[in-house]
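Novice: I need the structure of the sequence given here:
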Amino acid sequence: MELESPNESNKISIRFQRLSMSFAAVVLLLLPTIGAVTAAPTAYEMLERFRFPEGLLPKGVTSYELDPSSGKFRADLNGSCSFSLEGSYQLNYQKTITGYISDGRLTELHGISVKVLFFWLNILHVVRVGDDLDFSVGVASASFSLDNFFVSPQCGCGLDCGDLRMRKLKLGKGNPSLSTV
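Specialist: Modelled structure (predicted):
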């Protein structure tokens with residue numbers, strides 16, 4: 001059995017170190033790309049995949065779950081959330097919002113309510129009809145232009161907060177249309 005000379009052993013060790021460093025460099029270069037490919041979409045991005053604007057949810061969604069086969073979803077906020085929009089509508093989001101989502105439809109919603117006159121009514125369904133969103137509270141519905149929901153409101157101040165003041169909610173074309181079912 002022939003033993004390698006110390007010089008030969010050093011050469012192999014140096015080659016192995018160079019190969020290890022090259023492999024590590026490639027992994028470090030690819031790491032940001034791998035992360036981008038495997039990053040899960042946000043709740044706001046998921047809304048857009050179903051043809052809804054991100055502004056249907058306020059800022060502060062901490063997590064969400066979606067069953068792709070049934071469309072059942074759950075979105076968790078960092079706490080309950082309420083705000084007014086243009087002083088006309090007061091909205092309240094509970095810490096957890098649930099329902100079903102499909103292309104252009106949110107149904108069986110739980111966790112979102114709107115104050116109408118002196119009463120709080122649960123928003124049960126939201127349906128996209130062309131460039132409008134129809135919100136149903138059961139006995140009545142209101143239609144708003146999609147343009148009103150491109151920015152997510154902030155808990156406490158809605159769209160009247162610092163950087164959001166630039167993009168205030170316009171209540172449709174004139175006033176929203178209101179109808180009873």
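Novice: Strands of this protein, start to end?
Specialist: For the chain, strands defined by DSSP state E occupy the ranges 61-66, 72-77, 81-85, 89-102, 105-116, 119-122, 125-129, 132-136, 140-145, 177-180.
Novice: Quick one, which of these gets closest to residue 51.
Specialist: strand 125-129 (5.6 Å; C-beta to C-beta). All C-beta atoms are positioned from the backbone trio N, CA, C, and that covers glycine.
Novice: same for that closest one, what does it pack against?
Specialist: Applying 3 or more C-beta pairs under 8 Å, 6 or more residues apart in numbering; DSSP states H and E, we find strand 125-129 packed against strand 105-116, strand 132-136.
Novice: For it, list the C-alpha coordinates in PDB.
Specialist: C-alpha atoms of strand 125-129 as PDB (Å, rounded to 0.1, in the frame of the first residue of the first chain):
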ATOM      1  CA  HIS A 125     -71.600  38.900   0.700                       C
ATOM      2  CA  VAL A 126     -69.400  40.900  -1.600                       C
ATOM      3  CA  VAL A 127     -69.800  40.400  -5.300                       C
ATOM      4  CA  ARG A 128     -67.800  42.000  -8.100                       C
ATOM      5  CA  VAL A 129     -70.100  43.100 -10.900                       C
END
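Novice: could you give the angle of that strand to strand 105-116?
Specialist: Orientation check (axes from the mean of the first three to the mean of the last three C-alpha atoms, to 10 degrees): strand 125-129 against strand 105-116 gives 110 degrees.
Novice: what's the distance between the residue nearest to residue 45 when sequence neighbours are not counted and residue 85?
Specialist: Leaving out its chain neighbours, the residue that sits closest to residue 45 by C-beta to C-beta, 6 or more residues apart in numbering is residue 54, at 7.7 Å. Relative to residue 85, residue 54 is positioned 16 Å away (C-beta to C-beta, to the nearest Å).
Novice: Tell me the bridge partners for residue 132.
Specialist: Bridge pairing for residue 132 (DSSP bridges) gives the partners residue 129, residue 145.
Novice: and if you look at residue 61?
Specialist: Beta-bridge partners recorded for residue 61 (DSSP bridges): residue 77.
Novice: What is the burial count for it?
Specialist: Using other C-beta atoms under 10 Å, residue 61 has 20 other residues around it.
Novice: And stretch 131-144, what's buried?
Specialist: For stretch 131-144, burial by neighbour count (16 or more other C-beta atoms under 10 Å) applies to 132, 133, 134, 135, 136, 137, 141, 142, 143, 144.
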